[in-house]
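Engineer: Got a predicted structure plus its sequence, pasted below:
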Amino acid sequence: MRATILVLREILTHLPRTIRLALYENRSRRSGLLLGRIWDFLNPLFQILIYWFVFSVGLKTQTREGFPYSIWLMCGMMPWLAMNSASTGAASAIQMNASVLKNVCIPVTIIPMKAIVRAYYEHLWTMGILVATLLFSGFLPTWHWLELAYYLAASWAFLTGFSLITSSLSAVYRDFYEFLNPILRLLFYISSVVWPLESLPAELQSIMRLNPFAYIVEGYRNCLLYGQSLLANWQQGLYFWALTAVLLMLGSILHVRLRSRFIDQL
């Protein structure tokens, strides 16, 4: 518990600094590109178009749950892209910023958190694409859309604990990052991004709902398409927050114990 309090205090204390660094890196990363920040829209748009072409055109999937497949896919793809970008970026963050850690005295927790901030900064821009698409397609806003703030906070909390674990292990054990990539690809296909969980056998549904990424993906669709309250899946919500609390505690303990080994390994 002491390690968790220490790490969370560091994260909250230095959050304004983390945001400034993340935004600066995002600007510098796009500064040499002709289209600049337009790539924040184009990258997720291209990925959505690829999956739409495969499933809608190639596999003849026209609707899901009574909604046009393109709209249904976008509502699940947008949160997944943010979580995947944050997960992969944070996992390699300490290793990629080795020179900074060796030459600048900053709290190590800033490094993985910076990747999460950058991913969700881009996510807020891409959500503009999604909202505009929904409005253009005739979907009227409801008060359930406000519940997106809850799922943003929930995904942020989960990714904080998850990233503390992955970034610490990747910094000390280089093979862990290579192992993480196929795991995230597997989680993509069991997160109901491209097909609904309800189309699977009941036993498999129960197993796949243990995937915390699925809770966020389904939550976005509940808010934007189905008009369901976040209390509709309260049991899955309790499991999600229990898992998030465990990851935060384990991630904090691991991060504090391995912190002294980061510089030596890097």
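Structural biologist: Sure thing, it's come through.

Engineer: count of residues packed around residue 156?
Structural biologist: The number of residues packed near residue 156 is 17, by other Cβ atoms under 10 Å. To be clear about C-beta, it is placed using only N, CA and C from the backbone, and glycine gets the same treatment.

Engineer: so where's the chain uncertain?
Structural biologist: Residues of the chain that meet the criterion pLDDT under 70 lie in 29-41, 51-52, 54-65, 98-100, 102-104, 263-266.

Engineer: Which residue ranges of it form helices?
Structural biologist: For the chain, applying DSSP state H gives helices covering 2-13, 15-31, 39-52, 69-91, 93-96, 98-103, 110-136, 148-172, 175-189, 202-208, 212-221, 234-265.

Engineer: need those helices in TSV with distance to residue 196, can you?
Structural biologist: Compiled in TSV, these are given as follows (distance: least, Cβ to Cβ, whole Å):
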stretch	distance to residue 196
helix 2-13	35
helix 15-31	34
helix 39-52	15
helix 69-91	8
helix 93-96	33
helix 98-103	43
helix 110-136	18
helix 148-172	18
helix 175-189	13
helix 202-208	10
helix 212-221	9
helix 234-265	15
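
Engineer: wait, what's in contact with the most centrally placed residue in the chain?
Structural biologist: By Cα atoms, centre = their mean, the chain has its centre lying nearest to residue 83, at 1.2 Å. The contact partners of residue 83, taken as Cβ atoms under 8 Å, 6 or more residues apart in numbering, are 119, 155, 159, 213, 216.

Engineer: Could you check how far it is from residue 158?
Structural biologist: Residue 83 is 8 Å from residue 158, where distance means Cβ to Cβ, to the nearest Å.

Engineer: Now for those two: what residues contact both?
Structural biologist: Joint contacts of residue 83 and residue 158 (Cβ under 8 Å, 6+ apart) are residue 216.
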